[in-house]
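mind looking at a prediction? Sequence and model below.
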Amino acid sequence: MAEVELDRAILVPTGKLCCRHGGHHNRLPMTFVPFGRFVFLAALAAFLAAACSPVFNWREVPVGGDAELVALLPCKADRAERDLRLGSQSVAVRMIGCEAGGATFAIAQASASDAVQAQSWLAAWHSQARAQWAGARIEEHPATVPRAAAAPAPLRFEADGEAGAPSPRQQVRQLWFAHQQRNGTVSLYQATVLGTPSAPESVQTFFEGMRLP
């Protein structure tokens, strides 16, 4: 995957993104997405199209890989992998998510070598989110996630507005947290609800449904 400066454009599906849906692998076209057009979640747009459902049908889903997180999702999930530029590094990120009730529910996971690297990646990820939603009303505050690592500390991020013109007005709620793995690595997570779901309580259900061992 070619490297693209985040202040110019982010490379989102440029060749073929391989996704699993209903036991099949789907190959979907990729495009360049200008900075400010949902910097990270743009990678979900193509492969989530097949997972749309107006019904909130909650189920526990393991995030997969070396991660130990079990998430609660309101719809049948698709998965994808891509590279995300975090600081000076290109980081492999696993994504799982779906659409239900007019909103996207998604979780991304990256494996850092230690807490120091995880903290550096979270800072870069957080910085991207702030830049992406620079014109929106932003709220941030510390969060609590049972069994999450103390460092980097869990962080909530909420924005209401436009993620760069000419994007439509959107709401996004994100939660970053980390977990120490048995092999010494640290899994860094970003849980996201993009949009305003038809069932407002689904946001709390999603975030409180994260289960670490």
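Right, received. Where do you want to start? Residues are numbered from 1 along each chain as shown.

right, and the helix or strand after the longest helix seen in the chain?
Ordering each helix of the chain by length in residues (DSSP state H) puts helix 115-132 first. Later in the chain than helix 115-132, the nearest helix or strand by DSSP states H and E is strand 137-142.

could you say what helices and strands that next one packs with?
Judged by 3 or more CB pairs under 8 Å, 6 or more residues apart in numbering; DSSP states H and E, strand 137-142 is in contact with strand 155-162. For every residue, glycine as well, the C-beta is placed using N, CA and C.

and the strand it packs on, which strands flank it?
Counting by DSSP bridges, the strands paired with strand 155-162 are strand 137-142 (antiparallel), strand 169-180 (antiparallel).

coming back round to it: the longest helix of the chain to strand 155-162, inter-axis angle?
Put simply, helix 115-132 runs at 20 degrees to strand 155-162, going by axes from the mean of the first three to the mean of the last three CA atoms, to 10 degrees.

check which helices and strands helix 115-132 sits against.
Using 3+ CB pairs under 8 Å, 6+ apart, the elements in contact with helix 115-132 are strand 78-86, strand 103-112, strand 155-162, strand 169-180, strand 186-194.

turn those into a markdown table, including distance to residue 137.
Formatted as a markdown table, the helices and strands packed on helix 115-132 follow (distance: least, CB to CB, whole Å):
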| stretch | distance to residue 137 |
| --- | --- |
| strand 78-86 | 25 |
| strand 103-112 | 18 |
| strand 155-162 | 5 |
| strand 169-180 | 10 |
| strand 186-194 | 16 |
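
take the ones you listed and write them to CSV, including mean pLDDT and mean neighbour count.
Shown next, in CSV, are the helices and strands packed on helix 115-132 (pLDDT from 0 to 100; neighbours: other CB atoms under 10 Å):
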stretch, mean pLDDT, mean neighbour count
strand 78-86, 93, 20
strand 103-112, 95, 24
strand 155-162, 91, 18
strand 169-180, 92, 21
strand 186-194, 95, 24
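
hang on, residue 146 packs against residue 209?
No: using CB atoms under 8 Å, residue 146 is not in contact with residue 209, being 11.4 Å away.

between these two, which is the more surrounded one?
The neighbour comparison of residue 146 against residue 209 (other CB atoms under 10 Å) goes to residue 209, with 19 against 9.

give me phi/psi at the more buried one?
phi -90, psi 0 (degrees, to the nearest 10).

how about the contacts made by it?
58, 60, 71, 72 (CB atoms under 8 Å, 6 or more residues apart in numbering).

what about those residues, which are in strands?
Using DSSP state E, the subset of these located in strands is 60, 71, 72.

what's opposite the last one in the beta bridge?
Counting by DSSP bridges, residue 72 is bridged to residue 60.

that one: neighbour count?
17.

surely it meets residue 210?
Yes: between residue 72 and residue 210 there is a contact at 7.3 Å, judged by CB under 8 Å.

tabulate the strands paired with strand 155-162 (TSV), appending distance to residue 113.
Listed next are the strands paired with strand 155-162 as TSV, based on distance: least, CB to CB, whole Å:
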stretch	distance to residue 113
strand 137-142	25
strand 169-180	12
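
and of these, who's closest to residue 83?
strand 169-180 (18.7 Å; CB to CB).
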